[in-house]
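Undergrad: return a 3D structure for these sequence lines:
(chains A and B)
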Amino acid sequence: KAGVTQTPRYLIKTRGQQVTLSCSPISGHRSVSWYQQTPGQGLQFLFEYFSETQRNKGNFPGRFSGRQFSNSRSEMNVSTLELGDSALYLCASSIAGTSYEQYFGPGTRLTVT
Amino acid sequence: SQQGEEDPQALSIQEGENATMNCSYKTSINNLQWYRQNSGRGLVHLILIRSNEREKHSGRLRVTLDTSKKSSSLLITASRAADTASYFCATEGTSGTYKYIFGTGTRLKVLA
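TA: Model (predicted):
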């Protein structure tokens, strides 16, 4: 089975722009979670989706949003980028929710200049 | 905020030795997962242990969970240079929180 894929792998944006990141879960997985990883804050939870419904959202400003499509693919969007948004964004999929093994993708490295 | 705290923060051992890293957390959990991360890449899932389990094995990995002490440990036996990585624990709280809280990680270096 193919693993979790994330696109793009690397991205450079300037402050004020917006960005959309994509995550394709493992086939058959219905839950997708997003995390932000920075050297200072470590891994921080962004949101979790299951069957197109957001079930939880982390403590991030409203500039961070996401959605999940009927095929379980997920996107996250960050509007009005700030320098502090530079991070590795990771998505994880699981077969039926967070009580199961979470499999992570390789991440998208976002640099905001 | 970080719920899990890994200990030690960094560990350096010789190939063939065992490596033990610990994770402590603050609130009741449904389950705990251990991950490995190489050089800022994606996380590789190692083991999931549920709150009603005390020990699990996978190859050279052994994970224990003590819910009374709110702690878990990961033991890697007969370590190899390829085990060099950062190791994280992640906990899912009870009552359908639908998220994991990650620890700060242990950086393991295995010397050949």
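
Undergrad: and the residue lying closest to A:Q68 once chain neighbours are set aside, bridged to which residues?
TA: Nearest residue to A:Q68, sequence neighbours excluded (Cβ to Cβ, 6 or more residues apart in numbering or on different chains): A:Y49, at 3.7 Å. C-betas here are computed from N, CA, C, even on glycine. Assessed by DSSP bridges, A:Y49 has beta-bridge partners A:V32, A:Q54.

Undergrad: any chance you could map the strands in chain A?
TA: Remark: strands assigned in chain A by DSSP state E are A:5-7, A:10-13, A:19-24, A:31-38, A:42-50, A:53-57, A:64-68, A:74-78, A:87-94, A:103-104, A:108-112.

Undergrad: swap that for chain B, please
TA: For chain B, the strands defined by DSSP E occupy B:5-7, B:10-14, B:19-24, B:29-37, B:43-50, B:55-58, B:61-66, B:71-76, B:85-93, B:100-102, B:106-111.

Undergrad: need the contact list for the residue most central in space within chain A.
TA: Closest residue to the average C-alpha location of chain A: A:W34 at 3.4 Å, with Cα atoms, centre = their mean. Shown in contact with A:W34 (Cβ atoms under 8 Å, 6 or more residues apart in numbering or on different chains): A:C23, A:F45, A:L46, A:F47, A:E48, A:G66, A:S74, A:M76, A:Y89, A:L90, A:C91, A:A92.

Undergrad: in JSON lines: these, plus pLDDT, distance to chain B and neighbour count.
TA: Putting the contacts of A:W34 into JSON lines (pLDDT from 0 to 100; distance: Cβ to the nearest Cβ, whole Å; neighbours: other Cβ atoms under 10 Å in any protein chain shown) gives the following:
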{"residue": "A:C23", "pLDDT": "98", "distance to chain B": "11", "neighbour count": "28"}
{"residue": "A:F45", "pLDDT": "94", "distance to chain B": "4", "neighbour count": "22"}
{"residue": "A:L46", "pLDDT": "96", "distance to chain B": "9", "neighbour count": "22"}
{"residue": "A:F47", "pLDDT": "94", "distance to chain B": "8", "neighbour count": "23"}
{"residue": "A:E48", "pLDDT": "94", "distance to chain B": "5", "neighbour count": "28"}
{"residue": "A:G66", "pLDDT": "97", "distance to chain B": "13", "neighbour count": "22"}
{"residue": "A:S74", "pLDDT": "98", "distance to chain B": "14", "neighbour count": "25"}
{"residue": "A:M76", "pLDDT": "98", "distance to chain B": "15", "neighbour count": "23"}
{"residue": "A:Y89", "pLDDT": "97", "distance to chain B": "11", "neighbour count": "23"}
{"residue": "A:L90", "pLDDT": "96", "distance to chain B": "6", "neighbour count": "25"}
{"residue": "A:C91", "pLDDT": "96", "distance to chain B": "9", "neighbour count": "30"}
{"residue": "A:A92", "pLDDT": "95", "distance to chain B": "8", "neighbour count": "28"}
